[in-house]
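Novice: Give the three-dimensional model of this entry:
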Amino acid sequence: MREVPEPLFKPGDLTVKLLEAATKNMEPKTKITTTYKKKRPIIACDIVKYLFNDVQGSDIDESMNFFDESIVYHDFNFEQVIRGKDKVRKFIEDFSFPGIEFKLQKVDDGILSSSFTWQLDINGVPGPKGVSLYELNPNSKLISYVRDIPESAIKPPPLGALARLLRPGLGVFQSVTIGAREDG
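Specialist: I've put the predicted structure just below:
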């Protein structure tokens, strides 16, 4: 899908300030729909498509209907993991700017989890890309875990390229036992 190493520099709230400055006095170039047909998908890949293709930018309450109360949200722009539906809602509201749109590129066909690639467009201009993972609670069929990994602002990411040069096997993904990593 896409190689996106974890960013070395985690800008945190500077990301919000940068987007705020970039979109100041900006009207969206592409109109995000304000009307959509409400759906209740229960398969991870369908939830991703619904939230990004139908609901995005129009109804935060509808979006939040798909998040579990105990959601764990790990955005790699930030050092700290966000826990709980109320904190995730605030996080999403903080990133709601006119002219900002996450465009889905590729979405897998996952049932209980879905990986997907995206590109951030700012007033119709292509911006940073990234990859995300949404995982559902198997009982509630609501999103219980999110991992967002934006691409590095430095091209190519220096340590990733150096590591692959010195030890090519580092670029090979291997499975990890569920629960082996603290906070996912």
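Novice: The nearest residue in space to Thr35 that is not next to it in sequence: how many residues sit nearby?
Specialist: Closest residue to Thr35 apart from its sequence neighbours, by Cβ to Cβ, 6 or more residues apart in numbering: Ser58 at 7.6 Å. (Glycine included, C-beta is placed from N, CA and C.) Burial of Ser58 is recorded as 13 neighbouring residues (other Cβ atoms under 10 Å).
Novice: Against Lys106, how distant is Ser58?
Specialist: The spacing between Ser58 and Lys106, counted by Cβ to Cβ, to the nearest Å, is 23 Å.
Novice: All the strands of this protein, in order from the start?
Specialist: 67-75, 82-83, 100-107, 113-122, 125-136, 143-150 (DSSP state E).
Novice: Mean pLDDT added to those strands, as CSV?
Specialist: Output for those, formatted as CSV (pLDDT from 0 to 100):
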stretch, mean pLDDT
strand 67-75, 96
strand 82-83, 96
strand 100-107, 92
strand 113-122, 92
strand 125-136, 92
strand 143-150, 94
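Novice: Nearest to Thr35 among these would be which one?
Specialist: Comparing those against Thr35 with Cβ to Cβ, the closest turns out to be strand 100-107 (16.5 Å).
Novice: what angle separates the closest one from strand 113-122?
Specialist: Interaxial angle of strand 100-107 relative to strand 113-122 (axes from the mean of the first three to the mean of the last three Cα atoms, to 10 degrees): 140 degrees.
Novice: and stretch 54-63, what's its mean pLDDT?
Specialist: Across stretch 54-63, pLDDT averages out at 90.
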